[in-house]
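coordinates only, sequence not included:
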């Protein structure tokens, strides 16, 4: 199975690209969004509750090493379905994530890493999401047909909880970004850098 990991700072267009890829590709793709995984994982119950109460910062979730195990378990469950590919939004988030993932992932999978490197934080400030089907909209650039309502399932749209800490998350990731890129070299792994100004159609062609 093909596994695509997309990583980069907050506001680089990762989620928008994923939705576009899924909607236009003939390949059956399953997206993995880390936020929803964490919210229902027993191993994150205490730390997520502490975060919601303001007792810890968002990096305690974003940089937690247990994220890798959640992703591996999810990939293994998807591998037994009819899905042909998996695309992971916002991973790796630390050098340790990359090292652990490289060690644990089954070598039979076809891995691709994409680094999104052009940032626009206004994308995050105006982002709203359907809590039911996970489709992401933007109040300025990708509005729903009916204000505040999902086009697909008519569920009320909300701001992502983690977007409330957008500047903290951005600062935390940028501390890790250069180290992540260095780790690719140490592990002899390849990645491709992508800017939202580049032709996304051409990028999609290289993936499938």
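Nice, thanks for sending it over. Since the model is a prediction, treat every value here as computed from it, not as a measurement.

The helix or strand where residue 70 lies: which residues count as buried?
Assigned by DSSP states H and E, residue 70 falls within helix 66-78. Neighbour counts over helix 66-78 (16 or more other CB atoms under 10 Å) mark 67, 68, 70, 71, 74, 75, 78 as buried. All C-beta spots, glycine's among them, are computed from the backbone N, C-alpha and C.

By mean pLDDT, flag the weakest helix or strand of this structure.
Taking mean pLDDT, DSSP states H and E as the measure, helix 122-125 is the helix or strand of the chain with the lowest mean score, a mean of 69.

Report pLDDT for residue 194.
pLDDT, residue 194: 83.

actually residue 179, sorry about that
Listed pLDDT for residue 179 reads 95.

which residues touch it?
94, 95 (CB atoms under 8 Å, 6 or more residues apart in numbering).

and what of the one 4 residues further on?
Applying CB under 8 Å, 6+ apart, we find residue 183 in contact with 95, 98, 99.

The second one: neighbour count?
By the criterion of other CB atoms under 10 Å, residue 98 has 25 neighbours.

After the least confident helix or strand of the chain, which helix or strand is next?
Next along from helix 122-125, by DSSP H and E: strand 127-129.

Mind giving me the packing neighbours of the helix or strand just after that following strand?
Scanning forward in sequence from strand 127-129 by DSSP H and E, the next helix or strand is strand 136-138. Contact here means 3 or more CB pairs under 8 Å, 6 or more residues apart in numbering; DSSP states H and E; on that basis strand 136-138 packs against helix 14-24, strand 127-129.

wait, which of the ones you listed is closest to residue 108?
Counting by CB to CB, residue 108 lies closest to helix 14-24 out of the helices and strands packed on strand 136-138; the figure is 22.5 Å.

that older thread, can you list the buried residues of helix 66-78 in CSV and add distance to residue 37 and pLDDT?
CSV is the format used below for the buried residues of helix 66-78 (distance: CB to CB, whole Å; pLDDT from 0 to 100):
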residue, distance to residue 37, pLDDT
67, 8, 97
68, 11, 97
70, 5, 96
71, 7, 97
74, 6, 95
75, 11, 96
78, 12, 92
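
Can you tell me which of those residues is nearest residue 28?
Using CB to CB, residue 78 is the member of the buried residues of helix 66-78 that lies nearest residue 28, at 10.3 Å.

Helices along the protein, start to end?
For the chain, the helices defined by DSSP state H occupy 14-24, 34-40, 45-52, 59-62, 66-78, 95-104, 122-125, 166-186, 200-207.

Adding distance to residue 1, write those helices out as CSV.
Shown next, in CSV, are the helices of the chain (distance: least, CB to CB, whole Å):
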stretch, distance to residue 1
helix 14-24, 15
helix 34-40, 18
helix 45-52, 29
helix 59-62, 26
helix 66-78, 8
helix 95-104, 15
helix 122-125, 29
helix 166-186, 21
helix 200-207, 13
